[in-house]
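Q: Can you look at this prediction? I've put the sequence above it.
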Amino acid sequence: MQRPAWVGPEIDLQKPSAARVYDVHLGGSHNFQVDRDAAAAITKVMPGLPAILRANRHYLRRAVTYLAEQGITQFLDLGSGIPTAGNVHEVAWRHDPSARIVYVDCDGVAVAHSRAILHDEPNADAVLADLRNPSDVLTAAEALLDFSRPVAVLMFAVLHFLPGSDDPAGLIRRYLEPAVPGSYLALSHASFEGDADQAEEATQQFRRRVTDFTMRTRREVTALFGDLELVEPGVVYLPEWHPEDGDEVGDASWTSTFAGVARKR
C-alpha cells in the first residue's frame with residue numbers, strides 16, 4: 001500500500017498495532033487495512049467489543065473528572081493510544097486550564113497524532129516510549145511534570161497487553177515511587193470474568209494477529225494496586241465506577257473489564 005504522508009518510515013504498514021486496532025473499534029480513521037482486518041476478525045467472534053471499548057472511554061472521562069475534582073493537575077497517561085473525543089487533556093482542562101498532561105505510547109502513529117493536536121499547547125506533550133521502561137518514561141515526563149506535587153498515573157486498557165513476565169505490579173510500583181502522597185493511580189483491565197462467552201476466542205485472535213494479551217481476574221486486578229488506598233467502590237466493572245446521573249448501569253458484567261482508582265497515602 002502507498003505510505004500516507006503523515007506516516008513515518010519506522011511504521012510497519014503490514015503489522016497491526018493495539019493502538020490502531022483500538023482506533024478501528026472506536027470508529028477512528030488513523031489506522032490501516034491490516035488494522036481493520038484484525039479488528040474485523042476479533043469482532044466477528046466478540047461483536048460486543050466496540051461497545052466495551054466505548055464504555056472504557058466513558059470511564060476514562062469519569063475517572064479524570066474525579067481526579068481533577070480532587071485537585072490533581074498533573075497526569076501521566078501510559079499507553080494513551082490514538083487521540084479520540086474526550087482525551088485526558090480535554091477533560092482536565094475543563095477543570096483547570098493550567099493542568100499538565102504527558103501522553104506516552106509505543107505506537108508512532110498514536111504519538112504523531114497526539115503531537116499534532118498538542119503542538120501549540122505548552123502544558124501537554126506526547127512521548128514515544130514503552131511503558132515497560134519506567135526510567136526512560138519518567139525522565140521524559142519530568143520535562144513537564146513536577147513529581148514533588150501530586151500526579152495521577154493513568155493506565156487505561158493497557159496492562160492486559162503485559163504478560164506476567166513483564167511484572168505489571170512491579171512496573172506500577174516504579175511509576176508510583178517518585179510520586180508524593182496524595183498522588184493517584186487509575187486503571188482499567190480486561191477479564192474473563194463477567195459476560196465473556198466469546199472472550200477466549202477473541203483473545204486468541206488478538207494474540208495471533210496483534211500482540212500478547214493477558215486477562216486477569218478481579219482479585220488479580222485488585223492486587224495491582226498494592227498498598228494504595230482504593231477509592232470507593234473499589235475495583236468494579238466499568239459502568240459501576242462513579243456512574244453519572246442518567247447512566248443506566250444495570251448488569252455491568254457485560255463489559256468484562258474492571259476499573260479502579262486508588263490514592264497513595
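A: Looks like it came in fine. Here the structure is a predicted model, which means the values were calculated and not measured. Numbers count the residues shown, from 1 in each chain.
Q: residue nearest the centroid of the protein?
A: residue 156 (2.6 Å; Cα atoms, centre = their mean).
Q: does it really touch residue 53, like I thought?
A: No: contact between residue 156 and residue 53 fails when scored by Cβ atoms under 8 Å: they sit 10.4 Å apart. For the C-beta atoms, the positions are set from N, CA and C on the backbone; glycine is no exception.
Q: so after the helix or strand bottoming out on mean pLDDT in the chain, what's the next helix or strand?
A: Using mean pLDDT, DSSP states H and E, the weakest-scoring helix or strand in the chain turns out to be helix 199-209, at a mean of 68. For helix 199-209, the succeeding helix or strand toward the C-terminus, using DSSP states H and E, is helix 218-223.
Q: how close does residue 186 sit to residue 255?
A: Here the criterion is Cβ to Cβ, to the nearest Å. By it, residue 186 lies 16 Å from residue 255.
Q: same thing with residue 232?
A: Residue 232 is 19 Å from residue 255, by Cβ to Cβ.
Q: So which of the two has more stuff around it?
A: residue 255 (26 against 8; other Cβ atoms under 10 Å).
Q: what's the neighbour count on the closest residue to the more buried one other than its chain neighbours?
A: Excluding its sequence neighbours, the residue lying closest to residue 255 (Cβ to Cβ, 6 or more residues apart in numbering) is residue 238, at 4.5 Å. Applying other Cβ under 10 Å, we find 27 residues neighbouring residue 238.
Q: What is the neighbour count of the residue nearest to residue 73 when sequence neighbours are not counted?
A: Nearest residue to residue 73, sequence neighbours excluded (Cβ to Cβ, 6+ apart): residue 99, at 4.4 Å. Using other Cβ under 10 Å, residue 99 has 22 other residues around it.
Q: so what's residue 99 up against?
A: Contacts for residue 99 (Cβ atoms under 8 Å, 6 or more residues apart in numbering) come out as 68, 72, 73, 74, 75, 89, 92, 93, 123.
Q: do residue 188 as well
A: Per Cβ under 8 Å, 6+ apart, neighbours of residue 188: 56, 59, 60, 155, 156, 157, 238, 257, 258, 259, 260.
Q: All good on my end, thank you.
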